[in-house]
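Colleague: sharing a sequence plus its predicted fold:
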Amino acid sequence: MRAVVVSEQGGPEVLRVEDREVPEPGDGQVRVDVQAAGVNYIDIYQRSGTYPMQTPFVAGSEGAGTVSAIGPGVADVAVGDLVAWAMVSGAGYAEQVVLAADKVVPVPDGVSGELAAAVLLQGMTAHYLVESTFPAQAGQTALVHAAAGGVGLLLCQMLAAKGVRVIGTTSTPEKAELARSAGAAEIVFYRDVDLVTEVERLTDGAGVDVVYDGVGKATFDAGLEVLRPRGTMVLFGGASGPVPPIDPQVLNAKGSLFLTRPSLAHYAAEREELLQRAADVLGQVAAGRLDVRIGGRYPLADAAQAQTDLASGGTTGKLLLVI
């Protein structure tokens, strides 16, 4: 079977397709014939060395496919099941993967392998952000950065469904239209206008209740400025780079603000919570209440191009390797 392997961390060129032996599942493991693998920023961080990794390793950590073999001790997964997974290092860019059975979740009828691979990680991320980290409520106002991105489009939909007024930031009219169709009430073209001034105008100077920021360094300071007193900054990513250290006194001076840096790993650490979040997200997809935009499909051999396109900031929705 073929897999995209990183033998040394570096640029996209270190992603190389290799032939490997078909893996066999051990105790508590399953083997899956991969239908599609998600392409995420964490894949870039691991490949580039931003996140140190022991090499060689198979790139990717999210996907969906059909179970082709099970190891001893596996009771709740069967051969032939369509399953999905996220946040499993080494289980992504390959034709077949082996992973712990307690890391896979069932894919319901009405959801394809491609859709499951496209929505699971980003969908569960949006889910914990609006349900747990900051339980959004009707009548509130949220600022969503990169509103046309994979997480951004899902955030807009989930927030709008709760009755939250969404102000989304995008860079182009095309992305703005996508964000509006997902539920964003207002759009700020952050490259063309001053974000703080525009949000103040849109909120009559009151500010927003919460900022969902997956961009990081380029947007963080302005995000603090547009929060209303006792507002919440949810910093869940750093696509533009890591945010420099901050003096906690700044949060006091700007209105007793709350700051959190959450991770999906901590909001799906237990099997029960993982199954609950996955079932909610995939169930919304199956019911047609959550639209999933696949922004690009690439063959396994074009993994480097997929990562390059994602890093460029010019994509929308989710990028997939279709296997």
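Modeller: Arrived safely, thanks for sending. Residues are numbered from 1 along each chain as shown.
Colleague: and this protein, what are its domains?
Modeller: 2-120+268-322, 137-261 (automatic domain parsing).
Colleague: now the first one: how far from the chain's centre is it?
Modeller: Per Cα atoms, centre = their mean, to the nearest Å, the displacement of domain 2-120+268-322 from the mean C-alpha position of its chain is 12 Å.
Colleague: next: stretch 197-204.
Modeller: With Cα atoms, centre = their mean, you get 28 Å for stretch 197-204.
Colleague: just to check, residue 212 is in contact with residue 147?
Modeller: No - with contact defined as Cβ atoms under 8 Å, residue 212 does not count as touching residue 147 (9.2 Å). All C-beta atoms are positioned from the backbone trio N, CA, C, and that covers glycine.
Colleague: shared neighbours, these two?
Modeller: Overlap of the contact sets of residue 212 and residue 147 (by Cβ atoms under 8 Å, 6 or more residues apart in numbering) consists of residue 155.
Colleague: re the thing from before, export the domains of the chain as CSV, with columns for distance to residue 128 and mean neighbour count.
Modeller: Converted to CSV, the domains of the chain look like this (distance: least, Cβ to Cβ, whole Å; neighbours: other Cβ atoms under 10 Å):
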stretch, distance to residue 128, mean neighbour count
domain 2-120+268-322, 7, 19
domain 137-261, 9, 19
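Colleague: so which of the ones you listed is nearest residue 127?
Modeller: domain 2-120+268-322 (5.3 Å; Cβ to Cβ).
Colleague: now the end-to-end length of that closest one.
Modeller: 13 Å (Cα to Cα, to the nearest Å).
Colleague: what mean pLDDT does that domain get?
Modeller: Average pLDDT, domain 2-120+268-322: 96.
Colleague: what's residue 161 in contact with, if anything?
Modeller: 183, 289.
Colleague: so residue 306 belongs to a helix, correct?
Modeller: Yes - per DSSP: H, G, I helix; E, B strand; the rest coil, residue 306 lies within a helix segment.
Colleague: contacting residues around it?
Modeller: 39, 296, 298, 319, 321.
Colleague: contacting residues around residue 139?
Modeller: Contacts of residue 139 by Cβ under 8 Å, 6+ apart are 163, 164.
Colleague: just say helix, strand or coil for it.
Modeller: Per three-state DSSP, residue 139 ends up coil.
Colleague: relative to residue 230, how far out is it?
Modeller: 15 Å (Cβ to Cβ, to the nearest Å).
Colleague: over to residue 33?
Modeller: 50 Å.
Colleague: centroid-nearest residue for this structure?
Modeller: residue 122 (3.0 Å; Cα atoms, centre = their mean).
Colleague: pretty sure that residue is touching residue 320, no?
Modeller: No - taking contacts as Cβ under 8 Å, residue 122 lies outside contact range of residue 320: 11.7 Å.
Colleague: any common contacting residues for those two?
Modeller: residue 38.
Colleague: run through the residues that contact residue 129.
Modeller: Taking Cβ under 8 Å, 6+ apart as the test, what residue 129 contacts is 155, 212, 234, 236, 262.
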